[in-house]
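Asker: Okay, here's the prediction I keep looking at, along with the sequence it came from:
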Amino acid sequence: MKEQQKKKQDQYYEMANAPISKIIPKLAVPTIISMLVTSIYNMADTFFVSQLGTSASGAVGIIFSAMAIIQALAFMIGMGTGNFIARMIGAGNRKLAEELASIAFFTGFGVGLVIAVIGNANIGQLVRMLGSTETIAPYAEAYASYIFVAAPFMICSFIMNNLLRFQGKALFAMVGITTGGVLNMVLDPIFIFGLDMGTAGAALATGLSQFISFCILLFMCNSREECISIHPKKFKPTLAIYGEIIHGGLPSLGRQGIASIATIIMNTMAQPYGDAAIAAMSIVNRFMMFVGSAMIGFGQGYQPVCSYCFGARLYDRVKKACVYCVKVSTIFLLAVSAIGLIFSGNIIQMFRKDDLEVIRIGTLALRLQLLTMPLQGLVVMGGNMTPQSIGYGIRATIVSTARQGWLLIPILLCTVPVFGVLGIQMAQPIADVGTFILAAVVTKGIFKDLDRKKAEMSL
């Protein structure tokens, strides 16, 4: 028991005292791997299903918006609770931190059950609301049915992943997520082609992999003494606790939830240009998510340090960590953008080499988004993750909902009627520039607040 307590103390000591350039990469490597594997098996679904045809490929893009909503709810609960837990541990209130973990888990499972029942009861109407054409709809319905059934396990997996990360146990989270991801990639071709299940096979593979991840993560939480366990006896929710969780998790809900709404609008506006336009944008979005997942994973290694240090009133360290993460992520994105611009056509061809229209639309859309992608370093690290981690939920929500929400949607509504498909292709890059400016203002304001808090401590 003493040894486990010492490990906890060492871990928190590192967050507060170890060099920023050492502790953040140490925590980030497992989360980067987790995010990349998750993104890879999402791309695997797109790749294998795309071999069935352009309409099947479009179905993955259609249902992706529903999956994004499910993930948004999971991340709202998981990240809202996770940074709350990290702040409570930093402030020395471990009892409340233990109750928060169980509140998050059982709340998430209940939300997932509601989604599973309502989703499958209204599946036909839902896929059309998500922007499906008549030719895409049968594939989308087959794919969505298994995704909705897996919703409770999917939500709880993402919640536990975040809870472990914010305790500094990113390696444990990585094991659960990557095992499910690898299994998904193995099962995809077996179910889709071997068992001739088509798009339903891809969804079944995803559902089974999420269930396996769920089991592994739950075992990790409850079998390791140094981890906060999950138990019904600790489920003691209050309106005040839910309010704090929602406040801290709103940026995640906003970022992914409104992104899903924007995707639905984009798919609907792409309908007049055929299944090729929907399929092309689906491929581009999956690839951009893959690149962004590495940066998000890096930022998730930063968040526990940020939350803990803020709770411990180490305000200079919060600023130093933020600047470090912005620099590293921007350099990374510049390198990836340069390489991606050279091979953008080849990337789209990997998915639909036989459809020249998909390649044409997708290549230009990818190149335009790669041009503005380096701006995301400041947007994600400074304008989103930092305020979210220190409890500035409103500011983080404003930034997180801008890029794929209240900036993107009006741009789509203005550009598509004028420029057609080109309007769809250039809407996201325009929104990226606007979000970058907003994030710079928010980050500057937060740094001023941290300086003020430091000054108040010395009075």
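Answerer: Good, I have the coordinates.

Asker: Pull the contacting residues for Gly124.
Answerer: Neighbouring residues of Gly124 by CB atoms under 8 Å, 6 or more residues apart in numbering: 137, 141. Where you see a C-beta, it was placed from the backbone N, CA and C, and this is true even at glycine.

Asker: In which helix or strand does it reside?
Answerer: Assigned by DSSP states H and E, Gly124 belongs to helix 123-129.

Asker: same deal with Pro387?
Answerer: helix 386-389.

Asker: buried ones in whichever helix or strand comes after that helix?
Answerer: Sequence order places helix 393-400 as the next helix or strand after helix 386-389, per DSSP H and E. Neighbour counts over helix 393-400 (16 or more other CB atoms under 10 Å) mark 393, 395-400 as buried.

Asker: how about the closest residue to Ala68 other than its chain neighbours, what does it touch?
Answerer: Of all residues not flanking Ala68 in the chain, Ser260 sits nearest, at 3.9 Å (CB to CB, 6 or more residues apart in numbering). Counting by CB under 8 Å, 6+ apart, Ser260 touches 65-66, 68-69, 72.

Asker: Can you tell me the SS state at Met373?
Answerer: Assigned by DSSP: H, G, I helix; E, B strand; the rest coil, the conformation of Met373 is helix.

Asker: Now do it against Met35, distance only.
Answerer: 16 Å (CB to CB, to the nearest Å).

Asker: So which of those two has more stuff around it?
Answerer: More crowded of Met373 and Met35, by other CB atoms under 10 Å: Met35, with 26 against 23.

Asker: just checking, that one touches Ser293?
Answerer: Yes. Here Met35 reaches Ser293: they are 3.9 Å apart, a contact under CB atoms under 8 Å.

Asker: remind me which residues of this protein are low pLDDT?
Answerer: Confidence mapping of the chain against pLDDT under 70 gives the ranges 1-12, 41-42, 90-92, 168, 170, 225-226, 254-255, 459.

Asker: other SSEs contacting the helix or strand hosting Lys454?
Answerer: In the assignment (DSSP H and E), Lys454 maps to helix 421-457. Judged by 3 or more CB pairs under 8 Å, 6 or more residues apart in numbering; DSSP states H and E, helix 421-457 is in contact with helix 239-270, helix 275-311, helix 315-351, helix 356-372, helix 376-380, helix 386-389, helix 393-400, helix 408-419.

Asker: so can I have CSV of the ones you listed showing distance to Gly207?
Answerer: Converted to CSV, these look like this (distance: least, CB to CB, whole Å):
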stretch, distance to Gly207
helix 239-270, 19
helix 275-311, 19
helix 315-351, 22
helix 356-372, 27
helix 376-380, 29
helix 386-389, 29
helix 393-400, 28
helix 408-419, 30
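
Asker: For Ile103, give me its contacts.
Answerer: Shown in contact with Ile103 (CB under 8 Å, 6+ apart): 81, 234-237, 241-242, 245.

Asker: which of those count as buried?
Answerer: Neighbour counting with 16+ other CB under 10 Å marks 81, 234, 241, 245 as buried within the contacts of Ile103.

Asker: among the residues you listed, which two are most distant?
Answerer: Pairwise distances across those peak at 14.8 Å for Lys234 and Ile245 (criterion: CB to CB).

Asker: Would you map the helices across the stretch 1-150 of the chain?
Answerer: For the stretch 1-150 of the chain, applying DSSP state H, counting those that start in this stretch gives helices covering 2-17, 20-50, 54-90, 94-121, 123-129, 137-149.

Asker: how about those, which one is nearest Ser344?
Answerer: Each of the helices of the stretch 1-150 of the chain has some distance to Ser344 by CB to CB; the shortest is helix 20-50, at 15.4 Å.

Asker: mind checking how far the closest one is from the chain centre?
Answerer: 10 Å (CA atoms, centre = their mean, to the nearest Å).

Asker: go on, stretch 267-277?
Answerer: 25 Å.

Asker: Start the count at 671 instead of 1 going forward.
Answerer: Yep, numbering from 671; the last one is stretch 937-947 now.
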